[in-house]
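J.: Need the 3D shape of this:
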Amino acid sequence: SISVSEEEVIRAFVRETGPVVEVQTISWAGPHTSESKWVEFEVLPPDPTHLELEAVKKRAIADKRYFGRCEKCGGLMPVGWMHEPDLCQSCAVTHLGVVY
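T.: All right, here's what the predicted structure looks like:
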């Protein structure tokens, strides 16, 4: 089953639009200007079951092209919010003194 934190990430960054599951990506246009865009992740089978839909969403949040898990805080978040593949921006500020 999906954990509470994973469910929160799915609610915020994964959506269904008809037969397509999309993932919201975060990129940076400047140091204080983030941009988000929805991209196609996977096309669902016709009449997907709840379990099939849950499996696609779990694959989406496990995909390292879109999400990372911080080794310091354990948070799962969009790659655009990661300082490094295994360190989120918030922990980079707290632990490394990074200034954004």
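
J.: can you list the weak-confidence ranges in the chain?
T.: The chain contains residues with pLDDT under 70 at 1-4.

J.: tell me the helices in it, going along the chain?
T.: 4-13, 50-62, 89-96 (DSSP state H).

J.: what about the ones you listed, which gets the closest to residue 83?
T.: Of all those, it is helix 89-96 that lies closest to residue 83, at 3.6 Å by CB to CB. The way it works is simple: take the backbone N, C-alpha and C, and place the C-beta from them, glycine included.

J.: which strands and helices sit next to that closest one?
T.: Contacts defined by 3 or more CB pairs under 8 Å, 6 or more residues apart in numbering; DSSP states H and E place helix 89-96 against strand 82-84.

J.: Which residues belonging to the strand it packs on are considered buried?
T.: For strand 82-84, the neighbour count (16 or more other CB atoms under 10 Å) marks 82, 83 as buried.

J.: just to revisit the earlier point, so for residue 76, which of the helices of the chain sits nearest?
T.: Of all those, helix 4-13 comes closest under CB to CB, at 5.2 Å.

J.: still on that earlier bit, dump the helices of the chain into JSON lines; add mean neighbour count and distance to residue 33 as well.
T.: Conversion of these to JSON lines gives the following (neighbours: other CB atoms under 10 Å; distance: least, CB to CB, whole Å):
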{"stretch": "helix 4-13", "mean neighbour count": "14", "distance to residue 33": "19"}
{"stretch": "helix 50-62", "mean neighbour count": "15", "distance to residue 33": "25"}
{"stretch": "helix 89-96", "mean neighbour count": "15", "distance to residue 33": "14"}
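
J.: between those, which gets nearest to residue 81?
T.: Comparing these by CB to CB, helix 89-96 comes nearest, at 5.6 Å.

J.: quick revisit: export the helices of the chain to TSV and tack on distance to residue 36?
T.: Shown next, in TSV, are the helices of the chain (distance: least, CB to CB, whole Å):
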stretch	distance to residue 36
helix 4-13	9
helix 50-62	15
helix 89-96	15
